[in-house]
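Novice: Just a sequence and a predicted model for now, questions to come.
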2 protein chains.
Amino acid sequence: MSLRHAILTLLATEPGSGYDIVQHFKQSLGYFWNAKHQQVYQELRRLSEDGWLACQLDAQSDKPDRKVYSLTRAGLAELQRWQAEPAAPNKINDALLVKLYGGALAEPDNLVGELERHRLTHADTLTRLQAIEQQYRALSAAEQAQQRLPYLTLRRGILGEQAWLAWADEVLAELKGA
Amino acid sequence: MSLRHAILTLLATEPGSGYDIVQHFKQSLGYFWNAKHQQVYQELRRLSEDGWLACQLDAQSDKPDRKVYSLTRAGLAELQRWQAEPAAPNKINDALLVKLYGGALAEPDNLVGELERHRLTHADTLTRLQAIEQQYRALSAAEQAQQRLPYLTLRRGILGEQAWLAWADEVLAELKGA
DNA sequence: GTCGGCATGTAAGCTGTTACATGATTGA
DNA sequence: TCAATCATGTAACAGCTTACATGCCGAC
């Protein structure tokens, strides 16, 4: 599993609550990591039990209390141990491609509609990621240098979404043309 | 779950054994669906229990016996029902990007090595997919028409791998340059 | 004779999803 | 008043991985 290590990675840069982590996944980082709040809260508990995270209660007057987690020395060591070991190739299970593959048995219009629906969300994601890229480009050279690696992961999102859209256009042209 | 429906999709085109299905996932279809044999055999049993698959024993003299599965009428109906319902956007969990994101805490050389290692396997996959594309292009117009939808999924694999490689080159240039 | 391919499975355990649960504050 | 945001969780279940298990055949 690497959810544990995704969480450690986020908290290594900046301490935060379970809620914060989930927001990261929902917003900027969703193109490379996803998890539901239920899973995140459970992992935070386990990571604390393992001694990799320390927790501090942050009482807020107007909002619910927050549990702010940060890495312990053991947590940082564990993160670095994980970083040093080779990562397995990514597992892909894409239901949309299964549908397209077997689309001869389905309503043709349905397939087109489905692709157009997905196209919209991918186009949205691309716009969102490009907006983040613009923010990065507006930073000073020093700030850019600091954000260099997260920026390179952002580039993966952008290039990935562009490729997805180019493919979808190819497919839609084919499906509508013939 | 869509493993059930991935299996139904494969068997709808052509009846086959669990082993056949696993080979498909290992070879051509791995860029959009993956499953281990243990999971496939279990699903085949469940799909039979649900009445969506029929099974026929194929006794071979030189090789182990095969259980050849094919769709029942109910199985086809279920597949079409699933095809008509909207697909959820794809979930992505990419450990390599997590490593890159938090790479400031790791050995820089390790990161480069890791990326180069992954680069090789992606380049291999691309070569393999392009070979399949060449086979497709060599087919007659009639045969191409029949294979049109699977071919469009193959294009996804090709465009996806090309984008991945373009990104990796960008990243490696950055990491080595600076 | 050992390794890889063919061909099938069971069982235990880990990971991830869905359903259920609470409760305050703020804006429409 | 209704919905959304902030903020946390438990419990049951579904999905997937890892380990274990068998046995024949052909090639090196």
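Specialist: Looks like it arrived, so ask away.
Novice: ok, the residue positioned nearest the centre of chain A - contacts?
Specialist: By CA atoms, centre = their mean, chain A has its centre lying nearest to A:G30, at 2.6 Å. When contacts are counted by CB atoms under 8 Å, 6 or more residues apart in numbering or on different chains, A:G30 touches A:125, B:92. For every residue, glycine as well, the C-beta is placed using N, CA and C.
Novice: Next: A:P108.
Specialist: Contacts of A:P108 by CB under 8 Å, 6+ apart are A:L175.
Novice: A:E116 versus that one, what's the distance?
Specialist: From A:P108 across to A:E116, the span is 13 Å (CB to CB, to the nearest Å).
Novice: now swap in A:Y69 and tell me
Specialist: Counting by CB to CB - A:Y69 and A:E116 are separated by 41 Å.
Novice: what's the answer for A:D58, then?
Specialist: From A:D58 to A:E116 the distance is 45 Å (CB to CB).
Novice: Kindly report the same for A:S140.
Specialist: A:S140 is 41 Å from A:E116, by CB to CB.
Novice: In space, what's closest to A:E174 - neighbours in sequence excluded?
Specialist: Spatial nearest neighbour of A:E174, chain neighbours left out: B:L152 (6.3 Å); criterion: CB to CB, 6 or more residues apart in numbering or on different chains.
Novice: Do a quick rundown of the strands in chain A.
Specialist: A:53-58, A:66-71 (DSSP state E).
Novice: Would the last one count as contacting DNA strand C?
Specialist: No. With CB under 7 Å from any atom of the strand as the criterion, DNA strand C is not reached by strand A:66-71; the gap is at least 11.0 Å.
Novice: follow-up on the earlier one: so between A:Y69 and A:E116, which is more surrounded?
Specialist: Neighbour comparison, A:Y69 and A:E116: the larger count goes to A:Y69, with 25 against 11 (by other CB atoms under 10 Å in any protein chain shown).
Novice: The more buried one pairs with what?
Specialist: A:G16, A:C55 (DSSP bridges).
Novice: out of the strands of chain A, deepest packed?
Specialist: Most buried of those by mean neighbour count (mean count of other CB atoms under 10 Å in any protein chain shown) is strand A:66-71; its value is a mean of 18.
Novice: That strand - contacts with which helices or strands?
Specialist: helix A:3-13, helix A:18-26, helix A:37-49, strand A:53-58 (3 or more CB pairs under 8 Å, 6 or more residues apart in numbering or on different chains; DSSP states H and E).
Novice: so what's the residue in chain A positioned nearest to DNA strand C scoring on pLDDT?
Specialist: Nearest to DNA strand C, among the residues of chain A, is A:M1, at 2.9 Å (CB to the nearest atom of the strand). Among the per-residue scores, A:M1 holds a pLDDT of 77.
Novice: That one - how many residues pack around it?
Specialist: 8.
Novice: ok so, going back, worst average pLDDT in the strands of chain A?
Specialist: Across the strands of chain A, strand A:53-58 gives the lowest mean pLDDT, at a mean of 93.
Novice: how big is the angle separating that strand from helix A:3-13?
Specialist: 60 degrees (axes from the mean of the first three to the mean of the last three CA atoms, to 10 degrees).
Novice: by how many degrees do strand A:53-58 and strand A:66-71 diverge?
Specialist: 150 degrees.
Novice: Endpoints of stretch A:82-94, how far apart?
Specialist: 27 Å (CA to CA, to the nearest Å).
Novice: Show me what the mean pLDDT comes to for that stretch.
Specialist: Per-residue scores along stretch A:82-94 average to 96.
Novice: Establish whether it and DNA strand C are in contact.
Specialist: No. If you take CB under 7 Å from any atom of the strand as the test, stretch A:82-94 misses DNA strand C, and the best it gets is 9.7 Å.
Novice: chain center to that stretch: distance?
Specialist: Here stretch A:82-94 is found 14 Å from its chain centre; the criterion is CA atoms, centre = their mean, to the nearest Å.
Novice: That one near DNA strand D at all?
Specialist: Yes. Contact of stretch A:82-94 with DNA strand D (CB under 7 Å from any atom of the strand) involves A:91, A:93.
Novice: List of residues touching that stretch?
Specialist: A:2, A:5, A:8, B:2-3, B:6, B:30-35, B:90, B:93-96, B:99, B:102-103, B:105-107, B:110, B:114, B:117-118, B:121.
Novice: Can you list the low-confidence ranges for chain A?
Specialist: A:178 (pLDDT under 70).
Novice: Counting neighbours, which bits of stretch A:141-156 end up buried?
Specialist: A:149-156 (16 or more other CB atoms under 10 Å in any protein chain shown).
Novice: export those to TSV and tack on distance to DNA strand D?
Specialist: Compiled in TSV, the buried residues of stretch A:141-156 are given as follows (distance: CB to the nearest atom of the strand, whole Å):
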residue	distance to DNA strand D
A:L149	26
A:P150	21
A:Y151	25
A:L152	26
A:T153	23
A:L154	22
A:R155	27
A:R156	21
